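**Q** please find the sequence and the predicted model below.
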Amino acid sequence: MAMLQLPTPSAHQAGSRGYRRITAALVGAGLASFAAMYCTQALLPALSVYYRISPATSALTVSLTTGMLALSIVPASVLSERYGRITVMLSSGVASSVIGLLLPFSPTLGVLLVGRAAQGVALAGIPAVAMAFLAEEVHASSLGSAMGRYIAGTTIGGCAGRIVPALVLEVSSWRVALLVCSLTTLAATVVFALLVPKSQFFAPKPVSLRATTQRLLTHLRNPLLLKLFVLAFTLMGGFVTVYNYLGYRLAAAPFELKPSVVGLLFLLYLVGTWTSVVAGRLADRRGRMLVLGGAMPITATGLLMTLPDALPVIVVGTGVFTGGFFAAHAVASGWVGAVARSDRAEASALYLFSYYLGGSVAGALGGLAYGVGGWRATVWSVGTLLILALLLVASLVRAAVPVRVS
């Protein structure tokens with residue numbers, strides 16, 4: 001009696017049905033996670049009025065979420081090694097959506113803050129695992145473009161999480177705005193669940209604190225990965241600083257723009273949606289270093305364009321800066337998955353931990369710079385981070401030759 005032979009699994013390549021499904025699913029996951037992460041940012045003034053609290057206290061509805069997410073990324077990646085990438089991502093999306101649907105009914109500010117912190121923990125499963133999942137399931141020749149599509153989904157989510165509540169707030173309360181945003185994230189989670197193909201290459205590993213610590217230390221001893229982690233810190237630090245404090249500049253003289261008009265700047269995130277996809281494709285065809293090396297000067301040019309007191313130049317410059325940032329992030333994040341031949345979830349988690357830590361630390365220090373020297377001092381502080389990033393990229397050029405995986 002002949003033995004039935006199961007077909008040998010093959011990695012998804014650009015153009016295949018599996019590739020289209022996995023990238024569409026990850027766009028949904030990225031949209032769900034980032035829309036939920038930033039869904040209260042456009043509502044901060046309304047929360048300040050409703051609860052009679054300061055802007056700093058109102059901002060806890062954002063910082064608690066991102067802070068708890070950063071702390072939960074490594075544990076989420078460890079769980080994915082035991083229970084599977086899809087299981088962790090789907091559980092993350094469902095849990096964060098359920099919490100999000102309950103948040104509009106928070107009776108007190110304290111309950112709202114606890115809920116947002118819990119949502120940050122729940123959200124961690126998607127960003128912690130998505131890059132490792134793609135690195136396992138997508139062919140190396142198509143990994144850059146797949147990663148770019150996922151990053152594009154996160155940019156759409158980040159934009160939707162800010163714009164959708166702002167629009168709803170014009171005609172209703174902050175509670176309704178939060179509910180609509182949460183329904184949007186739930187819909188995106190359903191898209192992920194329906195489209196994501198079954199994992200082909202995942203092999204579960206036992207969860208062990210000692211083994212996990214050893215895997216993390218192994219990644220931290222890899223010079224190339226360590227440089228990519230620091231690069232993530234500098235990139236996100238500069239990006240968050242610009243978007244945190246540019247609004248203050250545009251609300252002051254000589255521009256004196258209304259908050260609703262300043263909020264439209266978040267539409268420039270869509271530039272990053274396009275550049276992250278294009279950068280991923282170019283990285284697959286021309287190499288990561290060429291694209292990363294080109295993205296950094298573009299980012300720096302956009303930053304310098306925000307210096308003149310000319311609104312059109314500032315808007316264009318912010319768009320250029322945003323496009324360059326997301327191009328660099330798409331390539332760097334994809335590179336982590338390619339360099340880490342094993343334990344990719346932990347490698348991706350360390351990259352993202354550095355990424356969010358950079359946004360938190362550098363974003364706060366950027367506020368000190370703005371308070372001392374206004375926007376010009378803020379630009380120079382971000383410029384310092386970009387100079388460090390350029391030095392890291394130059395170092396990566398020298399280090400990448402023996403380990404290049406494309």
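**A** Noted; the coordinates are in hand. Residues are numbered from 1 along each chain as shown.

**Q** from Ser348, how far off is Trp213?
**A** You called it Trp, but residue 213 is Thr. According to CB to CB, to the nearest Å, Thr213 and Ser348 sit 17 Å apart. Where you see a C-beta, it was placed from the backbone N, CA and C, and this is true even at glycine.

**Q** between these two, which has more neighbouring residues?
**A** Neighbour totals were compared for Thr213 and Ser348, and Ser348 leads with 27 against 11 (other CB atoms under 10 Å).

**Q** next one, pLDDT for that one please.
**A** We have a pLDDT of 78 for Ser348.

**Q** list the contacts for it?
**A** Listed by CB atoms under 8 Å, 6 or more residues apart in numbering, the contact set of Ser348 reads 77, 128-132, 135, 333, 336-337, 340.

**Q** return the item of these having minimum pLDDT.
**A** At the low end of pLDDT for the contacts of Ser348 is Gly337, which has 74.

**Q** could you say which helix or strand contains that residue?
**A** Assigning secondary structure by DSSP states H and E places Gly337 in helix 311-339.

**Q** so what's the gap between that helix and the chain middle?
**A** For helix 311-339, the gap between its own C-alpha mean and the chain's C-alpha mean amounts to 12 Å (CA atoms, centre = their mean, to the nearest Å).

**Q** how about stretch 265-283?
**A** Stretch 265-283 has its C-alpha centroid displaced from the chain centroid by 12 Å (CA atoms, centre = their mean).

**Q** how near is the nearest residue to Ala36 once chain neighbours are set aside to Gly30?
**A** Nearest non-adjacent residue to Ala36, counting by CB to CB, 6 or more residues apart in numbering: Thr185, 4.6 Å away. Look at Thr185 and Gly30: by CB to CB, they are 11 Å apart.

**Q** again, but for Ala330
**A** 11 Å.

**Q** which of these two has more neighbours?
**A** Set Ala330 next to Gly30 and count neighbours by other CB under 10 Å: Ala330 wins out with 33 against 25.

**Q** list the contacts of the more buried one.
**A** Ala330 neighbours (CB under 8 Å, 6+ apart): 144, 147-148, 151, 275-277, 279-280, 283.

**Q** can you rerun that using 10 Å?
**A** 144-145, 147-152, 154-155, 272, 275-283, 291-292, 295 (CB atoms under 10 Å, 6 or more residues apart in numbering).

**Q** give me the domain ranges for this protein.
**A** 14-196, 216-406 (automatic domain parsing).

**Q** packed most tightly, which of those would that be?
**A** Ranked by mean neighbour count, the domains of the chain are led by domain 14-196 with a mean of 21 (mean count of other CB atoms under 10 Å).

**Q** could you tell me the end-to-end distance of that one?
**A** End-to-end distance for domain 14-196: 15 Å, by CA to CA, to the nearest Å.

**Q** what distance separates it from the centre of its chain?
**A** Domain 14-196 has its C-alpha centroid displaced from the chain centroid by 10 Å (CA atoms, centre = their mean).

**Q** do stretch 276-293 as well
**A** Mean-position distance between stretch 276-293 and its chain equals 18 Å (CA atoms, centre = their mean).

**Q** got a list of what the closest residue to Leu109 other than its chain neighbours touches?
**A** Sequence neighbours aside, Tyr51 is the residue nearest to Leu109 in space, at 4.8 Å (criterion: CB to CB, 6+ apart). Residues in contact with Tyr51 (CB under 10 Å, 6+ apart) are 57-58, 108-109, 112, 174.

**Q** now do Thr189, the pLDDT please.
**A** pLDDT, Thr189: 94.

**Q** ok, Gly337 to Tyr248 distance?
**A** Gly337 sits 37 Å away from Tyr248, taking CB to CB as the criterion.

**Q** oops, could you answer that again for Phe255 instead?
**A** Phe255 sits 11 Å away from Tyr248, going by CB to CB.

**Q** quick one: common contacting residues for the two?
**A** Residues touching both Phe255 and Tyr248 by CB under 10 Å, 6+ apart: Val262.

**Q** quick one, whichever strand or helix holds Val393 and helix 311-339 angle?
**A** Following DSSP H and E, one finds Val393 within helix 344-400. In terms of direction (axes from the mean of the first three to the mean of the last three CA atoms, to 10 degrees), helix 344-400 departs from helix 311-339 by 100 degrees.
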